[in-house]
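Structure here, sequence nowhere to be found:
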């Protein structure tokens with residue numbers, strides 16, 4: 001029977017915390033290992049395991065330096081998921097699940113929501129329809145409507161001005177900001193989520209016109225203009 005020496009140095013227990021780099025929420029695990037390991041599971045959850053001495057800032061820097069790799073891996077994952085059959089009997093819009101009704105109609109493709117909250121999707125008769133593409137086009141229109149209302153107020157409050165707002169389907173980011181061109185691009189899928197979440201991403205991208213990174217200065221800007229941004233971020237990432 002082996003006897004443990006009470007004076008010998010025991011390995012530190014693993015510690016786990018949640019961190020965020022831009023649109024990437026990830027689990028940071030410190031444990032008794034020698035090298036850093038980055039992985040993504042089948043649900044798209046990112047996990048960074050590192051030696052016990054690894055700091056949170058080192059973990060953030062590590063993720064920032066591997067965003068291209070993360071984008072590629074998440075794109076592949078979502079491509080595999082998109083190949084699975086999708087049920088369009090219900091869809092999410094502005095944070096609420098709505099029933100849908102699909103019609104064949106000569107004036108198509110188009111999408112409309114009635115007063116009862118049912119979303120009607122119109123497709124051309126006797127033609128194969130890409131329902132996801134039709135919905136993404138509708139999401140882009142609806143998201144633009146909300147941003148055109150919100151953006152002027154926030155630009156005035158923050159003392160910034162975006163040159164343009166663009167909308168496209170993205171697989172791994174909710175938004176991006178081209179600092180030099182002052183061009184903001186928003187993920188059309190934001191239209192699935194609440195106005196609170198849309199507003200959070202809008203303010204986040206506008207804040208990049210004041211601070212380019214995601215360090216303390218950027219967080220200070222977010223704290224100043226949107227004090228509950230952390231809660232909004234958690235809600236958005238939990239419901240994606």
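Perfect, I can see it now. Fair warning: this is a prediction, and the values are worked out from it, not measured in the lab.

use CA for all of it now, contacts and neighbours both
OK.

How far off centre is the helix of greatest length in the chain?
The longest helix of the chain (DSSP state H) is helix 131-158. Relative to the chain's own centre, helix 131-158 is displaced by 15 Å; criterion: CA atoms, centre = their mean, to the nearest Å.

Roughly how far does residue 129 sit from residue 110?
11 Å (CA to CA, to the nearest Å).

shared neighbours of these two, which are they?
residue 123 (CA atoms under 8 Å, 6 or more residues apart in numbering).

Please name the residues that touch residue 35.
Counted by CA under 8 Å, 6+ apart, residue 35 has contacts 50, 51.

For it, give me the backbone phi and psi.
Phi and psi for residue 35, reported as degrees, to the nearest 10, are phi -130, psi 170.

what are the ranges of the helices in the protein?
Using DSSP H, helices in the chain cover 56-64, 67-82, 131-158, 195-207, 216-225, 229-238.

dump the residue contacts of the most centrally placed residue in the chain.
With distances taken as CA atoms, centre = their mean, the residue of the chain nearest its centroid is residue 174 (4.0 Å). If you count contacts by CA under 8 Å, 6+ apart, residue 174 has them with 23, 186, 187, 189, 190, 201.

6 Å instead?
residue 187 (CA atoms under 6 Å, 6 or more residues apart in numbering).

Then residue 37?
For residue 37, the contact set (CA under 6 Å, 6+ apart) comprises 48, 49.

switch to 7 Å and redo it
Going by CA atoms under 7 Å, 6 or more residues apart in numbering, residue 37 touches 48, 49, 50.

gap between the nearest residue to the second one once chain neighbours are set aside and residue 208?
By that I understand residue 49. Of all residues not flanking residue 49 in the chain, residue 29 sits nearest, at 4.7 Å (CA to CA, 6 or more residues apart in numbering). Noted for residue 29: a distance of 29 Å to residue 208, by CA to CA.

Done for today, thanks.
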